[in-house]
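sequence first, then the predicted structure:
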Amino acid sequence: MEKTDELVGTAPSAVAVPPGRPRPARRPGPWLLGIALALGAGAAAVLLPAGVPWPRPPAVQAWRTVCLAITVQALPFLLLGTVLSGAINAFVPADLFTRVLPKRPALAVPVAGAAGAVLPGCECASVPVASSLIRRGVPPAAAFAFLLSAPAINPVVLVATAVAFPGSPAMVAARLLASLATAAVMGWLWLWRGKEEWLRPLLRQSHTGHRPGHGRWREFRLGFQHDFLHAGGFLVFGAMAAATFNVGVPGSVLNAFSGSPWLSVVFLAGLAVLLAVCSEADAFVAASLTGFSPTARLAFLVVGPMVDLKLIALQAGTFGRAFAWRFCTATTVVAVAASVLTAGALL
């Protein structure tokens, strides 16, 4: 398997390349080809032309529409994230982030969480950026705080929430505070209980930045190619799973849970995970759920950008399955608790 370091132009420690000698060209590994094929197969299934005969019952048409909507909605932000990731690897000095963030990891966590406000993208963009930050020497706890906060507190999301809930600035403030609290708590929780062996081995090796003698644009291109193909296949897989739930679960199930204050919170939190709505649009979905309490709808808004099916798939592919299931489970619990506490104070 190719190493990520090779993709961004950094020589692996196991192979010594004499100065001045060009690095030999490498073919894409079999796993990269497999992911590209999976991405292409998923896109072909979703974008199958209307002229090609295939089963057309209403459920199949609805599944294809939902899967296409999720993929198209998330793909631009995944593209943004992989472009940023490649640019960080190729152009940003290796020690910039370690110089900007506080030296103490416990203080770096809330600073990185607040910095999530500067990335106007969804969760698909934050995953490759957080991965790149870890490889550049940023403490994983700080990178994970950024990963969770960026899709939830950026200006685009907050404005969308204000538009979806007109005359309710408390909902915007509650979403901001609950999301920041969840990101900080999860970062500190990683410092306390996290283990590096849960991460993929390549993420435990910090990059040293651009190396003299290697073209920056070539590093950018190869890093972008690797991250986009790797994450794109998992995005399509997550979109298919979310579409299956959307089509398979009847609307009457929603009404069965709306009457109970506690069950409604748990149900909408789980619904946010399964629907996998992009964070720029989830406020309008939450606003339409008028039969549920403000607390339950806040839980939907806080959990969704941090844990959903496509994000779980992206995290598993980027950081490893051992990390993804632990981190996503803990994030869901913390996000629900933060939503309930914040709603009790503001809503």
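Structure received.

C-alpha from now on. contacts and neighbour counts both.
Noted.

show me where the stretch 101-250 of the chain has helices.
105-115, 123-135, 140-153, 155-164, 169-193, 216-248 (DSSP state H, counting those that start in this stretch).

dump these into CSV; add mean neighbour count and mean pLDDT as well.
Below are these laid out as CSV (neighbours: other CA atoms under 10 Å; pLDDT from 0 to 100):
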stretch, mean neighbour count, mean pLDDT
helix 105-115, 21, 90
helix 123-135, 26, 79
helix 140-153, 29, 90
helix 155-164, 20, 85
helix 169-193, 22, 95
helix 216-248, 21, 71
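
and residue 316, which of these is closest to it?
Of all the helices of the stretch 101-250 of the chain, it is helix 216-248 that lies closest to residue 316, at 8.4 Å by CA to CA.

contacts for the next helix or strand after the closest one?
For helix 216-248, the following helix or strand on the C-terminal side (DSSP states H and E) is helix 252-257. Helix 252-257 is touched from outside by 263, 264, 267, 291, with contacts defined as CA atoms under 8 Å, 6 or more residues apart in numbering.

can you rerun that using 6 Å?
residue 264 (CA atoms under 6 Å, 6 or more residues apart in numbering).

what's the first helix or strand after it?
helix 261-275.

buried set for that next one?
Neighbour-count burial for helix 261-275, counted by 16 or more other CA atoms under 10 Å, picks out 264, 265, 266, 267, 268, 269, 270, 271, 272, 273, 274, 275.

a markdown table for those, including distance to residue 171?
Output for the buried residues of helix 261-275, formatted as a markdown table (distance: CA to CA, whole Å):
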| residue | distance to residue 171 |
| --- | --- |
| 264 | 17 |
| 265 | 15 |
| 266 | 18 |
| 267 | 19 |
| 268 | 16 |
| 269 | 16 |
| 270 | 20 |
| 271 | 19 |
| 272 | 17 |
| 273 | 20 |
| 274 | 22 |
| 275 | 21 |
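
least confident of those residues?
Lowest pLDDT of the buried residues of helix 261-275: residue 275, 79.

distance check, it against residue 282.
Applying CA to CA, to the nearest Å, the value for residue 275 to residue 282 is 10 Å.

residue 255: neighbour count?
12 (other CA atoms under 10 Å).

for residue 104, same thing?
The burial count for residue 104: 9, using other CA under 10 Å.

next, give phi and psi for it.
Residue 104 has phi and psi values of phi -80, psi 120 when expressed as degrees, to the nearest 10.

per-residue confidence at it?
89.

which residues touch it?
If you count contacts by CA under 6 Å, 6+ apart, residue 104 has none.

related to what we said a few turns ago, nearest to residue 314, of the buried residues of helix 261-275?
For those, the nearest to residue 314 is residue 273 (13.4 Å; CA to CA).

so that closest one touches residue 308, yeah?
Yes: counting by CA atoms under 6 Å, residue 308 is a contact partner of residue 273 at 3.7 Å.

angle of the host helix or strand of residue 75 against helix 261-275?
Taking DSSP H and E as the definition, residue 75 sits inside helix 58-91. Using axes from the mean of the first three to the mean of the last three CA atoms, to 10 degrees, the inter-axis angle of helix 58-91 relative to helix 261-275 is 70 degrees.

show me what helix 58-91 is packed up against.
Packing partners of helix 58-91 (3 or more CA pairs under 6 Å, 6 or more residues apart in numbering; DSSP states H and E): helix 123-135, helix 216-248.

could you rerun that using 7 Å?
When contacts are defined as 3 or more CA pairs under 7 Å, 6 or more residues apart in numbering; DSSP states H and E, helix 58-91 packs onto helix 30-46, helix 123-135, helix 216-248.

average pLDDT across it?
Per-residue pLDDT over helix 58-91 has a mean of 74.

centre of the chain to it, how far?
11 Å (CA atoms, centre = their mean, to the nearest Å).

taking helix 123-135 as reference, get the angle to it.
Using the same axes, to 10 degrees, the inter-axis angle of helix 58-91 relative to helix 123-135 is 30 degrees.

beyond helix 58-91, next helix or strand please.
helix 96-100.

quick one: that next one to chain centroid distance?
Distance of helix 96-100 from the chain centroid (CA atoms, centre = their mean) equals 23 Å.

cool, and stretch 260-280?
Worked out by CA atoms, centre = their mean, stretch 260-280 lies 17 Å from the chain centre.

what sits against residue 334?
residue 182 (CA atoms under 7 Å, 6 or more residues apart in numbering).

repeat for the one 5 residues further on
By CA under 7 Å, 6+ apart, the contact list for residue 339 reads 178, 295, 298, 299, 302.

and it, how close does it get to residue 320?
28 Å.

what of residue 65?
In this view, residue 65 and residue 320 are 30 Å apart by CA to CA.

quick revisit: could I get the contacts of residue 339 as CSV with distance to residue 325?
As requested, those are exported to CSV (distance: CA to CA, whole Å):
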residue, distance to residue 325
178, 22
295, 26
298, 23
299, 20
302, 18
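
for residue 271, which non-adjacent residue is spatially closest?
residue 300 (7.4 Å; CA to CA, 6 or more residues apart in numbering).

and the helix or strand where that neighbour lies, how far out from the chain middle?
Using DSSP H and E, residue 300 maps to helix 294-303. Mean-position distance between helix 294-303 and its chain equals 18 Å (CA atoms, centre = their mean).
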